[in-house]
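Colleague: For reference, the sequence and a predicted model appear below.
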Amino acid sequence: MKYSDKKIVILEKNSVTPKDDICLDSIIDLGNAVVYDSIPEGELCDIVNGAEAVICSKAKFTADVLEKCPDLRYIGLWATGYDNIDVAAAARRGITVSNVPGYSTDSVAQHTFTMILNLASNSVKYDKSVHDGDWKKAKIFTYLDFPVMEISGKKLGIIGYGAIGKSVAKIGAAFGMEPIIYTRTKPADCPYQIADLDELLESADFITLHCPLTDKTRKLINKETLSKMKKTAYIINTSRGAVIDENALAEALRSGTIAGAGIDVLDGEPMRKDHPFFDAPNCIITPHIAWASFEARQRLVNIVCDNLKAFIDGKPMNNVANK
């Protein structure tokens, strides 16, 4: 199957395979493909103009950009989230927008527990301390400069009960944690406690965010909601950065309103030089890698290819512009 001589623009290759550990030939071979490692600033419209299909990750396809790309008929995403695409404008123009649901579920759930376990055991701090030479100076076989807790028996608050939220709940239960779920739509088969947001905030020892970014979830975690959490509680975000009011969280960490945070996503990436999380106490930060295991990225490329093939075949799938 080949998309004739139609132009396919593949953007942001470096966000998926920066070291070329995953081959993109299955997608490139579908048509007259042009690949960009990243997007030169201010050149998106020029790059995409004349293409009928584009694949992107974070590139913002606003109504204005779509209007300037009249040949565009398909946008494939290197992602599950699609808040960078004006899907209503795309639908009006008859443009298919295909995302990739579910490809990173296991990877994100694993990273969520990497954060939880590091916060509970202070292993990041102990590793740094040992490499700074502190163990060499110890007078006994161990030293307990940082507290260590068991997560068994702790309440795990999960905001968002999609595929990732369900996986996190299952893993938490296996660790002996007590999952508490807050979700817009009450699931019929949920084996865990369903709570309203305030109840979850007030009772959970760890809170982890797995909701999409919408008008209702933007800055869902803010000064008011943080004030309802236990002082001993921790918050984890592997969803979207803007779900948290970042200034409010940084202040909550500095003031001791909550005990700590594990952050993988920011409202604006890469991290700016003056970001309030950078020197916030007990805040573990990773550079948006929860999704990025080799296995998840390979799965992503395979599904992106399948999405484009389905569009070429006239049977689009995972079309979020239909929602």
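Modeller: The structure has been received and is ready for your questions. It should be emphasised that the depicted structure is a prediction, and the values quoted were computed from it without experimental measurement.
Colleague: and residue 106, what does it touch?
Modeller: 167, 293, 295-296 (C-beta atoms under 8 Å, 6 or more residues apart in numbering). The way it works is simple: take the backbone N, C-alpha and C, and place the C-beta from them, glycine included.
Colleague: Look up the closest residue to residue 292, ignoring the ones flanking it.
Modeller: Residue nearest to residue 292 in three dimensions, not counting chain neighbours: residue 107, with 6.9 Å by C-beta to C-beta, 6 or more residues apart in numbering.
Colleague: got a list of what the one you found touches?
Modeller: Residue 107 touches 290-293, 295-296, counting by C-beta under 8 Å, 6+ apart.
Colleague: how about a cut-off of 6 Å?
Modeller: 291, 293, 296 (C-beta atoms under 6 Å, 6 or more residues apart in numbering).
Colleague: which of these has the most neighbours?
Modeller: residue 291 (22 neighbours; other C-beta atoms under 10 Å).
Colleague: ok, now which ones touch that one?
Modeller: Neighbouring residues of residue 291 by C-beta under 6 Å, 6+ apart: 104, 107-108.
Colleague: quick check, nearest of the residues you listed to residue 8?
Modeller: Closest to residue 8 out of those is residue 104 (23.5 Å), distances taken as C-beta to C-beta.
Colleague: Chain neighbours aside, what residue packs nearest to the closest one?
Modeller: In space, residue 104 is closest to residue 291, 3.9 Å off (C-beta to C-beta, 6+ apart).
Colleague: do the same with residue 101
Modeller: Leaving aside its chain neighbours, residue 101 sits nearest to residue 80 (5.3 Å; criterion: C-beta to C-beta, 6+ apart).
Colleague: thought the one you found was touching residue 103?
Modeller: No - using C-beta atoms under 6 Å, residue 80 makes no contact with residue 103, being 7.1 Å away.
Colleague: Spit out the contact partners of residue 218.
Modeller: Applying C-beta under 6 Å, 6+ apart, we find residue 218 in contact with residue 242.
Colleague: Hmm, I typed the wrong one, I wanted residue 13.
Modeller: Contacts for residue 13 were tallied using C-beta under 6 Å, 6+ apart; they are 35, 37.
Colleague: what's near enough to touch the residue sitting nearest the centre point of the chain?
Modeller: In the chain, the residue lying closest to the centroid (C-alpha atoms, centre = their mean) is residue 239, at 3.9 Å. Residue 239 is in contact with 209-211, counting by C-beta under 6 Å, 6+ apart.
Colleague: could you say which helix or strand contains it?
Modeller: Using DSSP states H and E, residue 239 is not contained in any helix or strand.
Colleague: Apart from its chain neighbours, what residue comes closest to it?
Modeller: Nearest non-adjacent residue to residue 239 (C-beta to C-beta, 6+ apart): residue 209, at 4.6 Å.
Colleague: Run a quick check on residue 68 versus residue 47, I expect a contact.
Modeller: No - contact criterion C-beta under 6 Å: residue 68 and residue 47 do not qualify, at 11.2 Å.
Colleague: I'd like the distance between residue 49 and residue 12.
Modeller: Distance, residue 49 to residue 12, using C-beta to C-beta, to the nearest Å: 17 Å.
Colleague: In terms of packing, which of the two has more residues around it?
Modeller: Between residue 49 and residue 12, residue 12 has the larger neighbour count (other C-beta under 10 Å), namely 18 against 14.
Colleague: Neighbour count: residue 80 and residue 103, which is higher?
Modeller: Neighbour totals were compared for residue 80 and residue 103, and residue 103 leads with 24 against 21 (other C-beta under 10 Å).
Colleague: Now do the same contact list for that one.
Modeller: 296, 299-300, 303.
Colleague: Please confirm that it is located within a helix.
Modeller: No - judged by DSSP: H, G, I helix; E, B strand; the rest coil, residue 103 forms no part of a helix; its state is coil.
Colleague: number of nearby residues for the nearest residue to residue 58 once chain neighbours are set aside?
Modeller: Leaving aside its sequence neighbours, residue 58 sits nearest to residue 84 (C-beta to C-beta, 6+ apart; 5.7 Å). Residue 84 has 15 neighbours, counted by other C-beta under 10 Å.
Colleague: can you give me the helices for the protein?
Modeller: 25-28, 44-48, 63-67, 87-92, 105-121, 123-131, 134-137, 163-174, 197-203, 223-227, 246-255, 294-312 (DSSP state H).
Colleague: Using neighbour counts, pick out the buried residues of the fourth one.
Modeller: Just to be clear, that refers to helix 87-92. Buried residues in helix 87-92, counted by 16 or more other C-beta atoms under 10 Å: 87, 89-91.
Colleague: before we move on, what about stretch 43-60?
Modeller: 44, 47-48, 51-59.
Colleague: Show me which pair in these is furthest apart.
Modeller: Using C-beta to C-beta, the two most remote members of the buried residues of stretch 43-60 are 52 and 58, lying 21.2 Å apart.
Colleague: Would you mind confirming that residue 280 is in contact with residue 248?
Modeller: No - taking contacts as C-beta under 6 Å, residue 280 lies outside contact range of residue 248: 11.3 Å.
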